[in-house]
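Attaching a predicted model along with its sequence, questions to come.
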Amino acid sequence: KKYTRKSLTAELRTFCYASRDGPVHVWQHALNLQDEDSSEVIVLYHYSNELCFQNVANLEQTTAELFASLVEGRAHFGQGVYTTQYEPSVWGSRKRILLNNYSNGDPWRKNTTDEESRKVLRDWGDENTCGNRAACCIPMIVPRDMAFSIFERQTPDLQARGVPLGTDSKGREVHRNRDVWVVRFSDDGGVRNAVAKTDGILDLLQLRLGKLQENPRSKEQDTTDCMLEVARRLRGRGRYQETEQLYRDCLARCQAKKGITSHDALVTANNLAGTLQDQGKLDEAEPLYRECLKHRRAKLGNCHVSTLTNMSNLASLLTDRGQWDEAESLRRECLKATRSKLGDLHPNTLNSLHGLAGLLMLRQRMDEAEPLYRECLAGCQNKLGDLHPITLLCMQDTLTSMANLGGVLQKRGRLDQVEILYRECLQKRRATLGD
């Protein structure tokens, strides 16, 4: 009863805890870091802003990339992913979560108007340009040997420096009421080869779908949601034939029961078109994209996020087909709308920038592509940081932007700048993902 079902996006379903100072979205699944040798595990919770949280919905990224995106760069208690044993309902508010994560004082103190509390909320709360760091929560199932409580066991890097238990990396004492655990994925600076058991989640979802379809009293929305989730995960695993059939079944079901312009029907049609495009079935995918875009323009308007997503998808397909003029027109319309509606640094805007830059580069219009890549790179670095290995969902990451910018410069013969950029890119990839 403390949580309600919510969806941040069609692909990212959560349980929402309505805390006193804002909602906290909890992923409906968990990162399962167990392996065959794990004998004892602990359930921990990693809190983040919405931008980082959406990484878990991207099934095309590698495990190393996902883990690296969660690693705390400040590393006051050692290098790793920072977590707590307590779910949102235990903390009761975003403020308590932030105080536990970023204040050396008592997170349960009654007076939260002191200067340290105000600074924590100012730096990591709603005023943070990347979003509130307590807005979202990722449950994790972690082998005990990977989890380091700051009062029980020091991480190897701090242990090597002789930092006492119960203090941060600078030797400052930490209040005993803080509950901070560092999940360490690396032993030598590279990402540990831990495996998130996405297949385990898929197996459970397929079992659940079978039971929902067998039970005549099942709620229609529960069955539809489960079909979409199973199909999304099958697509992420590259099982396109199964995905296509499931999306076709779901689309027929949604259109018959809810109408061709219903939300679920349009979501399914768009995803089916994407699956057909993945398989090179462009003749079948294009009319689906166009039909879906037409209905979303009419129903939601030209600037709605779902409309813009459809617009971008159609532009991608048209690029694949060599219809560059129409693709560019759609890319420019999409970029203009996302800038106006979401701002210059929103992930959707950066994704639009990247898409248009890529198309211009494909068309050999380097003078136009280069400033867009530079803007995209600066935006990614500003929003996600220099070492963030992936951006969100379909958006290319900061390092890919650097590589693409290098490609532009190389084609323009500016090899001195290319070498500097590629060396920096290689250095950052090594630092984040290992050799």
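Yep, it's here.

Tell me the helix or strand right after the helix or strand hosting Leu228.
Using DSSP states H and E, the element containing Leu228 is helix 220-236. Counting by DSSP H and E, the element after helix 220-236 in chain order, helix or strand, is helix 240-258.

Can you check what angle separates that next one from helix 220-236?
Angle, helix 240-258 to helix 220-236, by axes from the mean of the first three to the mean of the last three CA atoms, to 10 degrees: 160 degrees.

quick check: mean pLDDT across helix 240-258?
Averaged over helix 240-258, pLDDT sits at 94.

go on, stretch 322-338?
Stretch 322-338 comes out at a mean pLDDT of 95.

And it, what's buried?
For stretch 322-338, a neighbour-count test (16 or more other CB atoms under 10 Å) marks 324, 327-328, 330-331, 333-335, 337-338 as buried. Quick note: C-beta positions are derived from backbone N, CA and C, even for glycine.

a markdown table for those residues, including distance to Arg208 and secondary structure?
Listed next are the buried residues of stretch 322-338 as a markdown table, based on distance: CB to CB, whole Å; DSSP: H, G, I helix; E, B strand; the rest coil:
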| residue | distance to Arg208 | secondary structure |
| --- | --- | --- |
| Trp324 | 44 | helix |
| Ala327 | 39 | helix |
| Glu328 | 43 | helix |
| Leu330 | 38 | helix |
| Arg331 | 39 | helix |
| Glu333 | 40 | helix |
| Cys334 | 36 | helix |
| Leu335 | 40 | helix |
| Ala337 | 37 | helix |
| Thr338 | 36 | helix |
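
thought Gly379 was touching Ser352?
No: taking contacts as CB atoms under 8 Å, Gly379 lies outside contact range of Ser352: 10.8 Å.

the strands in this structure, which residues?
With DSSP state E, the ranges of strands along the chain come out as 3-7, 13-19, 22-27, 31-32, 41-48, 81-83, 136-143, 147-149, 181-183.

Mind giving me the packing neighbours of the fourth one?
Helices and strands touching strand 31-32, as assessed by 3 or more CB pairs under 8 Å, 6 or more residues apart in numbering; DSSP states H and E, comprise strand 136-143.

The first one now?
The criterion is 3+ CB pairs under 8 Å, 6+ apart, and the helices and strands that strand 3-7 contacts are strand 13-19, strand 22-27.

what does the last one give?
Taking 3+ CB pairs under 8 Å, 6+ apart as contact, the helices and strands that strand 181-183 lies on are strand 41-48, strand 81-83, strand 147-149.

which residues touch it?
By CB atoms under 8 Å, 6 or more residues apart in numbering, the residues outside strand 181-183 that reach it are 33, 42, 44, 46, 77-85, 140, 142, 146-150, 155.

at 6 Å what do you get?
Strand 181-183 is contacted from outside by 44, 77-78, 80-81, 83, 142, 146-149, 155, using CB atoms under 6 Å, 6 or more residues apart in numbering.

Over to stretch 78-93?
2, 17, 19-21, 24, 44-46, 70-72, 97, 137, 155, 157-158, 179, 181-184.

How about stretch 18-30?
The contact list for stretch 18-30, computed with CB under 6 Å, 6+ apart, reads 8, 13-17, 56, 88, 93-95, 136-139, 141, 201.

Relative to Leu350, how far out is the nearest residue to Gly407 once chain neighbours are set aside?
Computed as CB to CB, 6 or more residues apart in numbering, the closest residue to Gly407 that is not its neighbour in sequence is Met361, at 7.0 Å. From Met361 over to Leu350 the distance is 16 Å, taken as CB to CB, to the nearest Å.

Look at these two and report which has more neighbours.
Remark: of Met361 and Leu350, Leu350 carries more neighbours, 29 against 20, as counted by other CB atoms under 10 Å.

That one contacts Gly379, correct?
Yes: if you go by CB atoms under 6 Å, Leu350 and Gly379 touch, sitting 4.9 Å apart.

measure Leu234 to Cys250 for me?
In terms of CB to CB, Leu234 sits 12 Å off from Cys250.

If you could redo that for Glu173, that was the one I meant.
The value you get for Glu173 to Cys250, if CB to CB is used, is 56 Å.

Comparing the two, which residue is more hemmed in?
Neighbours per residue (other CB under 10 Å) separate Glu173 from Cys250, with Cys250 holding more: 24 against 10.

so who does that one touch?
227, 268.

Could you tell me the least trusted of the strands of the chain?
strand 31-32 (a mean of 78).

picking up where we left off before, who wins for proximity to Glu375 among the strands of the chain?
Shortest distance between Glu375 and these, using CB to CB, is found for strand 41-48: 25.4 Å.

still on that earlier bit, just say which of the helices and strands packed on strand 3-7 is most tucked in.
strand 22-27 (a mean of 21; mean count of other CB atoms under 10 Å).

any idea of the angle that one forms with strand 41-48?
Going by the same axes, to 10 degrees, strand 22-27 makes 130 degrees with strand 41-48.

Next, the angle strand 3-7 makes with strand 22-27.
Counting by the same axes, to 10 degrees, strand 22-27 lies at 70 degrees to strand 3-7.

burial measure for Leu8, as a count.
Leu8 has 17 neighbouring residues, counting by other CB under 10 Å.

check contacts around it.
Counting by CB under 6 Å, 6+ apart, Leu8 has contacts His25.

and with 7 Å instead?
14, 25, 50, 54 (CB atoms under 7 Å, 6 or more residues apart in numbering).

mind giving me the domain ranges of this protein?
Domain segmentation of the chain under automatic domain parsing yields 3-183, 330-435.

Could you provide those in CSV, with additional columns for distance to Glu244?
Formatted as CSV, the domains of the chain follow (distance: least, CB to CB, whole Å):
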stretch, distance to Glu244
domain 3-183, 16
domain 330-435, 19
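
Okay, Val43 and Asn49: tell me how far apart.
Distance from Val43 to Asn49, by CB to CB: 22 Å.

who's more crowded, these two?
Set side by side, Val43 and Asn49 show more neighbours around Asn49, with 17 against 12, by other CB under 10 Å.

Spatially nearest residue to that one, not counting backbone neighbours?
Gly131 (3.4 Å).

Pretty sure that neighbour sits against Cys52.
No: at 8.5 Å, Gly131 does not count as touching Cys52 under the criterion of CB atoms under 7 Å.

if you count what's nearby, which of these two comes out ahead?
Using other CB under 10 Å as the criterion, Gly131 and Cys52 rank with Cys52 on top: 22 against 18.
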